[in-house]
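Asker: with the sequence up front, the predicted model follows.
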Amino acid sequence: MVDIKKVFEKQESENIFIKTTSKVAIDSVQKAALNRKGNSLYNAGDIEGARRIYLTTGYSDGLVRVGDFYKSKGRMLDALKMYWIAPDKKKAEPIIMQLSVIIQNILEEGNPKNERQY
């Protein structure tokens, strides 16, 4: 069994940053203002700036639009992340299915007898 405390102590001694997140407390007025700013950035083409704001505020419609943008650029994993956080299962599920097929094909290619290993 892995001793989690030792793992973190080792990381600390190597000056490795461990990312943690917590929800930012903002009121509805601030949230609305930030979402407007995010929409302005998105419309101006600053998708990454808008994404950061939408993640901060939890603005699901904005996250879905960013996911749609990523999908249009072929960045399927980034799109899936935005859909998952939004949450928009209707848009996330087709990508999950595509990834499932890819993983299944990789597993089958690695098994010359075509025997299922799962």
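Answerer: Cool, the structure landed.
Asker: buried residues in stretch 77-91?
Answerer: The neighbour-count check on stretch 77-91 (16 or more other CB atoms under 10 Å) flags D78, A79, L80, K81, M82, Y83, W84, I85, A86, D88, K91 as buried. Every residue, glycine included, has its C-beta placed from N, CA and C.
Asker: quick one: contacts for L99?
Answerer: M76, L80 (CB atoms under 8 Å, 6 or more residues apart in numbering).
Asker: can you tell me the SS state at it?
Answerer: For L99, the assignment made with DSSP: H, G, I helix; E, B strand; the rest coil gives helix.
Asker: need the next SSE after the lowest-mean-pLDDT helix or strand in the chain, C-terminal direction.
Answerer: When the helices and strands of the chain are scored by mean pLDDT, DSSP states H and E, helix 4-13 comes last with a mean of 59. Counting by DSSP states H and E, the next helix or strand C-terminal to helix 4-13 is helix 28-43.
Asker: follow-up on the earlier one: need the max-distance pair from the buried residues of stretch 77-91.
Answerer: D78 and D88 (14.1 Å; CB to CB).
Asker: looking at the buried residues of stretch 77-91, which is nearest S28?
Answerer: Taking these together and measuring to S28 by CB to CB, the closest member is A86, at 19.1 Å.
Asker: roughly how far apart are the closest one and I103?
Answerer: Going from A86 to I103 by CB to CB, to the nearest Å gives 23 Å.
Asker: kindly report the same for E48.
Answerer: Taken as CB to CB, the span from E48 to I103 is 28 Å.
Asker: from the centroid of the chain, which residue is nearest?
Answerer: Centroid-nearest residue in the chain, with CA atoms, centre = their mean: K81, separated by 2.5 Å.
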